[in-house]
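*Asks:* quick one: sequence and predicted model below, then my questions.
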Amino acid sequence: MRNQQTITFKQAFAFLASCLGLVLGSTTFAQDRPEKLPATYRYIGSYQLNSKLRVENGVSAPVVISPLVYRVFSDGMEVRVYVRSSDEDSYTAYDIYRTDGIGVSKASGEIEVVAGVQGYSTKGEMLRQISVTRNSLTMVKTPPRSHRVIITRARAISTSSAPSATDKK
């Protein structure tokens, strides 16, 4: 017998509400908020890059990574993933298409549905997909006319352990 869990609209809305300020310990400090981010966007969390894979011809290969922190914000319709480089913030925007949960595998191999959102972006003819939960961030990038896929995974970190602009000196 399969144990199946479904997420109701009310639970999905509760998750979005938590994303809009309560996930990972409330809001960011003023210096962590991107300068041109509209006021309607709320902080979801910070995520530390922990793996990147290139999948090509059915074979996966790890990609060399450097320490990187993603800061995620949402207005309920769009998710923005910010990265700070050379003291400047840049972001990728994803249109949210699913808010009723994300399937994650448990150690036992079973699939569990957890609160989260999914989005996509087609900017620059690159197909990008994102899944965000309280604990993880997964981004999948498919270049145009390519048989290669890049999968990036990151784990949630507390805001107090995220490096700030002043820590980079």
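*Replies:* Arrived safely. Model, not experiment: these values are computed from the prediction. Numbers count the residues shown, from 1 in each chain.

*Asks:* which element, helix or strand, includes the spatially most central residue of the chain?
*Replies:* Closest to where the C-alpha atoms of the chain average out (Cα atoms, centre = their mean) is Leu137, at 3.6 Å. In the assignment (DSSP states H and E), Leu137 maps to strand 136-142.

*Asks:* per-residue pLDDT, the residue nearest to the centre of the chain?
*Replies:* As predicted, Leu137 sits at a pLDDT of 96.

*Asks:* swap in Asp100?
*Replies:* pLDDT at Asp100 comes out at 88.

*Asks:* ok, back up a step: residues in contact with the strand holding Leu137: which ones?
*Replies:* Strand 136-142 is contacted from outside by 47, 70, 72, 81, 104, 126-131, 148-156, using Cβ atoms under 8 Å, 6 or more residues apart in numbering. No exception for glycine: its C-beta is placed from N, CA and C like everyone else's.

*Asks:* hmm, try it at 7 Å
*Replies:* Residues outside strand 136-142 that contact it (Cβ atoms under 7 Å, 6 or more residues apart in numbering) are 47, 70, 72, 126-131, 149-156.

*Asks:* direction included, what does it pair against?
*Replies:* Here strand 136-142 has these sheet partners by DSSP bridges: strand 127-133 (antiparallel), strand 148-157 (antiparallel).

*Asks:* mean neighbour count, those: which tops it?
*Replies:* strand 127-133 (a mean of 21; mean count of other Cβ atoms under 10 Å).

*Asks:* what separates it from the chain centre, distance-wise?
*Replies:* With Cα atoms, centre = their mean, to the nearest Å as the basis, strand 127-133 stands 6 Å off its chain's centre.
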